[in-house]
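Asks: I'll drop the sequence and a predicted model, then ask my questions.
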Amino acid sequence: MDTVERVRMRLMSIPGVVACWVLPHEERELVRRLEAQSNLRQELPGMVVANEGIKDILNCKHVIAISHSPALRHPPGPVLVISNEEIVVGEEVWELSKLEKLSTDPNAILVGKGLVVYRDALIRTKGKPLKLAYRALRFPELEGLAGVQDVISVTVGILVHFHLGQRAGWNINDPNLGTVLIGFNESIRGEHPSS
């Protein structure tokens, strides 16, 4: 069994993963353009929106798209980060204990259910352009899989979500399904890098 098939099988065993589709190499430039268009549509006053993780994913040797339900575990870190490149002004927070602690922190402004903005950082960046960035994150379920290294994942915008769903034959009308791209490289001789 080749590495991509082993990864696909591992992904399908994860609770919340509904389907997988190996992204053909010739689709990568279109995905990159569609994601840039999605980001432009999300333009916020005084803030640039960018999916910084997409270029890292698309530079990997292999890319797999997954369709997932809300049962997929939360990401291992903030997907969204607001910064001025040097200072983190806000970030997505999933951990309930951290959200509870932040709810009593006078420096934290909670926006919605999971976004926190830090007052002191906001003051320090006043007047400077801010960026809301989607970041590439680890995908722990694939770490340690033989033959796989450099595993990263990223959430995609609505245009890429619909494009990949149509190409893969997924139900794009189900509002409970999301799409994540996972990129990885093969380790030398098919071994895990720590072997």
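Replies: Here it is on my side, so go on. Residues are numbered from 1 along each chain as shown.
Asks: Let me see the contact set for the closest residue to E143 other than its chain neighbours.
Replies: Spatial nearest neighbour of E143, excluding adjacent residues (CB to CB, 6 or more residues apart in numbering): V151 at 6.0 Å. Where you see a C-beta, it was placed from the backbone N, CA and C, and this is true even at glycine. Residues near V151 by CB atoms under 8 Å, 6 or more residues apart in numbering: R138, F139, L142, E143, I182, G183, F184.
Asks: I'd say the third one and V148 touch.
Replies: Yes - look at L142 against V148 with CB atoms under 8 Å: they come within range, at 5.7 Å.
Asks: where do the contact lists of those two overlap?
Replies: What both L142 and V148 touch, as defined by CB under 8 Å, 6+ apart, is the set V7, F184.
Asks: Of these two, which one has the most company?
Replies: V148 (24 against 20; other CB atoms under 10 Å).
Asks: if you skip the residues just before and after it, what's nearest to the more buried one?
Replies: Per CB to CB, 6+ apart, closest to V148 is F184, 5.2 Å.
Asks: just checking, what's the longest helix in this structure?
Replies: helix 28-41 (DSSP state H).
Asks: next helix or strand past it?
Replies: For helix 28-41, the following helix or strand on the C-terminal side (DSSP states H and E) is strand 47-51.
Asks: Report the angle between that next one and helix 28-41.
Replies: Inter-element angle recorded for strand 47-51 and helix 28-41: 160 degrees (by axes from the mean of the first three to the mean of the last three CA atoms, to 10 degrees).
Asks: which helices and strands does the very next helix or strand once past strand 47-51 pack with?
Replies: Note on strand 47-51: by DSSP H and E, the next helix or strand toward the C-terminus is helix 52-58. Where contact means 3 or more CB pairs under 8 Å, 6 or more residues apart in numbering; DSSP states H and E, helix 52-58 is packed against helix 28-41, strand 130-134, strand 148-155, strand 178-186.
Asks: Nearest to K61, out of those?
Replies: Closest to K61 of the helices and strands packed on helix 52-58 is strand 178-186 (CB to CB; 4.7 Å).
Asks: Please work out which residues outside the closest one touch it.
Replies: Contacts of strand 178-186 (CB under 8 Å, 6+ apart): 3, 7, 11, 23, 31, 54, 56-68, 72, 136, 139, 142, 147-156, 160-161, 164-165.
Asks: Need the buried ones from those selected in PyMOL.
Replies: Command for PyMOL, covering only those of the contacts of strand 178-186 found buried under the criterion 16 or more other CB atoms under 10 Å:
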select buried, resi 3+7+11+23+31+54+56+57+58+60+62+63+64+65+66+67+68+72+136+139+142+147+148+149+151+152+153+154+155+156+160+161+164+165
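Asks: coming back round to it: how about the helices and strands packed on helix 52-58 in TSV, adding mean pLDDT and distance to G90?
Replies: Shown next, in TSV, are the helices and strands packed on helix 52-58 (pLDDT from 0 to 100; distance: least, CB to CB, whole Å):
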stretch	mean pLDDT	distance to G90
helix 28-41	87	17
strand 130-134	90	8
strand 148-155	96	17
strand 178-186	96	21
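Asks: So which of the ones you listed is nearest V18?
Replies: The closest approach between V18 and any of these, judged by CB to CB, belongs to strand 178-186 at 9.6 Å.
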